[in-house]
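>>> Just the structure for this:
(one chain, ligands or ions: 2)
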Amino acid sequence: MSAQGKSIWPWLRSSNSQNSLQQAAEAEARQRSDMIDMELAAERARLQQESKTKILLLGPSEAGKTTVVKNFQLAFTPKSFLAQAAAWLPVIQLNLVHSVNTILDALDLVRSDSAEPEDSEYQSSHTIPEDLRQLGGRIAEKLAELESELSGELYSSAPPPSSRPPSRSDHERPRLQHRLSMVSVRGVTLRHKPTEFQSAFPSWKIVVDRARAILAECAPDIASLWAHPWVRSGLKAQGIHPEHQPGYFLPDAARIASPHYLPTPEDILRARLTTASAEEHSLMLDVGMARKEWLLCDVGGSRSQRGAWAQYFDDAKLVIFVASLTAFDETLAEDSAVNRLTDTLLLWRNICANKLLASVELVLFLNKLDILKAKLENAGVAFVHHVNSFKSRPNDVPTVSKYIKEMFLAQYRQYSSSERKVFAHITCAVDPTAMYPVMGAVRDVILHSYMSQSTPV
Ligand SMILES: Nc1nc2c(ncn2[C@@H]2O[C@H](COP(=O)(O)OP(=O)(O)OP(=O)(O)O)[C@@H](O)[C@H]2O)c(=O)[nH]1
Ligand SMILES: [Mg+2]
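Ligands and ions are numbered 1, 2, ... in the order given. Reported below is the predicted structural model:
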């Protein structure tokens, strides 16, 4: 409407009425113009959102979803990925300290003489070599404090109590109770994302430097501890394999403690940080002449978090389901009665059958190939002991991985809510060289689905 148009305030009759009318009309025009600007901005935001390709990473906890996101960043935006390297340092320090404390705790190396159990059978089977007892005495206190300090800085609550049944002497050292038999940190909320640590966490440098100094003092003892045959056999007897667990940095103590240490891409891929709530990561990619934005939506995979996944299904173009090839002889951290492979297959079946995802392409990553190899070839684990239907097939990596892949594809064929392709890859997400071509193949699937969706029908 023009400013000179019909009066909207006919009751104004004073000699100034002409001026007032003009001002009111101008204000109205401004208001309308602002409204139009706001509508245009909202429309632009909507179109921008629609032009983003949303990729959902689903799968159980510890399967490697976040590690796959890191691989996307390393493959397609390496500069910004590497710029975040320093932010991963406290996470890596915490992973290392947590592994050492878990070993000290599991093998009772911090047991004081006065706390010796009375049970003579227990005592004789747990006689600690003197060198290890002294080693424990030198590092246990320092590393217990360091773990509390680092987890206090990184997480908004201390890690939860162990899921392991209490050992005989747990009641004697409540300060150490939070150590897990699993060498991972879970069930706690991050204070800040790693990329925000440096700005949001003012004492960052002080804490990291202090941790570095303590680790430098303890590094020779950590190396001796991990190399000690009594330690290796004691852990094996308890079924604890730190080398198969997330956040495994035990052989790297001296390197991590060195004054100029900066995490390498491989270290960042190995660092373990539980995803506490869904996170979106934006990646800008060149598609022909255009720049295209991908949104990688990374969710937490523990059972308590899965109920929240559906809210991200809406505009997803692709689901990358990450499963671990090594879940067959493991149980859930949330429920030790549930086999991880059984849980993962059921989860995959539900994703395949989900009607909200019927038009979404599926990519399946069967991950942790290196650990599968270590289990079958070094630790002598027999796959058939955990999956009877495997029968007398050869217990080697190609046969077992192919068999697991077939188990997943059979679920897909039987339960998929629509006719669509599934692209399966056997992966080792901590090996960036091996992952690079896989990332390229996934990019092609995304581009193909983007092209076909943007072609008018
Ligand atoms: N050795 C080995 N470790 C892997 C592999 N893939 C991932 N990891 C490690 O496994 C741990 C867990 O990986 P994440 O990516 O954090 O697992 P996630 O699926 O995001 O787990 P949540 O966030 O709890 O849902 C990390 O320490 C990774 O470095 C792999 O192929 N081999
Ligand atoms: Mg994660």
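>>> Residue ranges in the protein under the pLDDT threshold?
Scanning the chain with the threshold set as pLDDT under 70 gives 1-17, 45-51, 111-126, 156-202, 287-289, 449-457.
>>> Flag every buried residue along the longest helix anywhere in it.
Using DSSP state H, we find that the single longest helix of the chain is helix 17-51. For helix 17-51, a neighbour-count test (16 or more other Cβ atoms under 10 Å) marks Leu21, Ala25 as buried. Quick note: C-beta positions are derived from backbone N, CA and C, even for glycine.
>>> which strands and helices sit next to it?
The contact analysis (3 or more Cβ pairs under 8 Å, 6 or more residues apart in numbering; DSSP states H and E) places helix 17-51 against strand 290-298.
>>> Please tell me how far the one residue in the stretch 351-457 of the chain that gets nearest to ligand 1 sits from Leu366.
Per Cβ to the nearest ligand atom, Ala429 is where the stretch 351-457 of the chain lies closest to ligand 1, at 3.6 Å. Counting by Cβ to Cβ, to the nearest Å, the gap from Ala429 to Leu366 is 11 Å.
>>> Show me which residues of the protein are close to ligand 2?
Lys65, Thr66, Thr275 (Cβ under 5 Å from the ion).
>>> quick one: buried residues of stretch 337-348?
Buried-residue list, stretch 337-348, by 16+ other Cβ under 10 Å: Asn339, Arg340, Leu341, Asp343, Thr344, Leu345, Leu347, Trp348.
>>> ok, so of those, who is nearest Gln18?
Leu347 (72.6 Å; Cβ to Cβ).
>>> Now do the contacts for the nearest residue to Asn367 once chain neighbours are set aside.
Spatial nearest neighbour of Asn367, chain neighbours left out: Gly64 (4.3 Å); criterion: Cβ to Cβ, 6 or more residues apart in numbering. Contacts for Gly64 (Cβ atoms under 8 Å, 6 or more residues apart in numbering) come out as Val322, Ser324, Phe365, Asn367, Lys368, Thr427, Ala429.
>>> wait, is the last one part of a helix?
No: the assignment for Ala429 (DSSP: H, G, I helix; E, B strand; the rest coil) gives coil, which keeps it out of a helix.
>>> ok, it touching Lys65?
No: assessed by Cβ atoms under 8 Å, Ala429 is found out of contact with Lys65, at 9.1 Å.
>>> Confirm that Ser282 sits in a strand.
Yes: applying three-state DSSP, one finds Ser282 inside a strand.
>>> Would you mind measuring from it to Val430?
In terms of Cβ to Cβ, Ser282 sits 24 Å off from Val430.
>>> Compare neighbour counts for the two and give me the winner.
Val430 (24 against 10; other Cβ atoms under 10 Å).
>>> these two touch, right, that one and Arg270?
Yes: the pair Val430 / Arg270 is scored as a contact, 5.3 Å apart, by Cβ under 8 Å.
>>> if we can go back for a sec, tell me which helix or strand comes right after the longest helix of the chain.
Using DSSP states H and E, the helix or strand that follows helix 17-51 towards the C-terminus is strand 53-58.
>>> Show me the contact partners of that next one.
Contacts for strand 53-58 (Cβ under 8 Å, 6+ apart): 65-66, 68-69, 292-299, 301, 309, 312-313, 315-322, 347, 351, 360, 446, 450.
>>> Now narrow those to whatever sits close to ligand 1.
Near ligand 1, judged by Cβ under 6 Å from any ligand atom, the entries from the contacts of strand 53-58 are Lys65, Thr66, Gly301, Val322.
>>> quick one: which of those sit in helices?
Per DSSP H, the ones next to ligand 1 among the contacts of strand 53-58 map to helices at Lys65, Thr66.
>>> Quick check: nearest residue in space to Leu132, chain neighbours excluded?
Leu109 (5.8 Å).
>>> meant to ask about Gln238
Gln238 sits nearest to Ala106 (Cβ to Cβ, 6+ apart), 5.9 Å away.
>>> Can you give me the distance of that neighbour to ligand 1?
Relative to ligand 1, Ala106 is positioned 19 Å away (Cβ to the nearest ligand atom, to the nearest Å).
>>> Noted, bye for now.
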